[in-house]
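[1] This is a predicted model, with the sequence first.
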Amino acid sequence: MTSLSLENLRKLYNQTMAQADPRCDSYPFMDSPDKMLAMIGLYLFIVWQGPKLMVPYKPWDLKNTIIGYNFAMVILSLYISVGTVVGIYKAGGYSVLCDSLDKYQVNENNETEYHYMNIGWLFFISKPIEFFDTVFFILRKKNSQITFLHVYHHATMTVFTWLGLKFLPGGTNVIYPLINSFVHAVMYTYYGLSACGPSMRKYLWWKKYLTKLQISQFVIFLTQGVINVMYDCPFPKIFVYAVYIYTFSILLLFINFYVKAYIKSPSQKPLKGTNAAKNGSAQNGEAIACAQNGEAVGHVNNGEAIARAKNGGAITRAKNGEAKARAKNGEISAKGDSKKIK
């Protein structure tokens, strides 16, 4: 029974691969899915084991590396987006209502064919390169940034860009590298400026709108999918449905992130003459921050403590201890069941 199932899977695999575009085979990682899946497997292993391996070490100082990486990704993303526009122009334009694969899959002597194939491959390979986003989080011990959305997005985008180039290098598919790479150029610009330090923070007020831009691209992709089905475009429907379901899942995750970050998140008004501080850094001597690994101000898992510090004083609220304490100049008065702190 097992051998029969394996044989059926083998036949299905061979039949599926027979429908692939043979022009992709000469590109690195494109002859079969095993190399692509191996990259994703390695990525998931790093996500799983990386934070554990970093426990005994201090966070790495990667400021210059991260700045260089982010702006290199800006250049690559812009090259892909602009290159897609050039390919569309050479092919005679893009039809929003319907665009067949034949428009881009032409004979080997046509320049348009290989122009788009090159751009399509760059779009695919940019996705595993973006795994370094996660690697940098791990090395800097910013593990809270490695969310389900973050890992799911990185891993699955690598799969879908590989499938898109392997089986559908052209047609309506060109909208994905065009828009997604543009959005990523904007995104990595933000990350690059943010990595430059506190002096750039006043120029980064548009983070909320960056998330809106990311959400908007998925709405466009879903709309294009509906058009492909409604107008019965000569485009493989199974791919349209697969991309539609996947894009919808990503859209829901980004909307959930937006709601938590910008709608449900309680706004904290900064004290007069002070500024809020992130990641434990303080301005004007006053800070509200999250801390890990025994740092003084932060969220503590077991005690579920939330602390605020101001000029050496502290107000701490602890759930499990049912304590409210006020500290000033080394004197503490406590209410509830808490022990007196010396």
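    All right, it came through fine.
[2] Now residue 189. Nearest residue, chain neighbours left out?
    Setting aside the residues directly before and after it, residue 189 is nearest to residue 74 in space (Cβ to Cβ, 6 or more residues apart in numbering), at 5.4 Å. The C-beta positions use only the backbone N, C-alpha and C, and glycine is treated the same way.
[3] Okay, that neighbour and residue 147: tell me how far apart.
    23 Å (Cβ to Cβ, to the nearest Å).
[4] which ones are touching the residue nearest to residue 189?
    185, 188-189, 192 (Cβ atoms under 8 Å, 6 or more residues apart in numbering).
[5] and the residue nearest to the spatial centre of the chain, which of the three is it?
    In the chain, the centroid-proximal residue (Cα atoms, centre = their mean) is residue 150; its distance is 4.6 Å. For residue 150, the assignment made with DSSP: H, G, I helix; E, B strand; the rest coil gives helix.
[6] cool, residue 16 as well?
    Applying three-state DSSP: residue 16 is helix.
[7] Near it, how many other residues are there?
    12 (other Cβ atoms under 10 Å).
[8] And for residue 5?
    Neighbourhood size, residue 5 [other Cβ under 10 Å]: 9.
[9] Tell me the first helix or strand C-terminal of the helix or strand harbouring it.
    For residue 5, the element it lies in under DSSP states H and E is helix 2-17. For helix 2-17, the following helix or strand on the C-terminal side (DSSP H and E) is helix 33-53.
[10] List the contacts of that next one.
    Residues from elsewhere that reach helix 33-53, judged by Cβ under 8 Å, 6+ apart: 29, 128, 131, 134-135, 138, 141, 143, 146, 151, 154-155, 158-159, 162, 166.
[11] hmm, 10 Å instead?
    The contact list for helix 33-53, computed with Cβ atoms under 10 Å, 6 or more residues apart in numbering, reads 13, 16-17, 20, 28-30, 124-125, 127-128, 130-131, 134-135, 137-139, 141-143, 146, 150-151, 154-156, 158-159, 161-163, 166.
[12] Which stretches in this protein count as strands?
    Along the chain, counting by DSSP state E, strands occupy 286-287, 299-300, 305-310, 313-318, 323-328, 331-336.
[13] nearest residue to residue 84 other than its sequence neighbours?
    Per Cβ to Cβ, 6+ apart, closest to residue 84 is residue 178, 4.2 Å.
[14] Flag the shaky bits of the chain, pLDDT-wise.
    Applying pLDDT under 70 to the chain flags the ranges 1-4, 100-114, 265-342.
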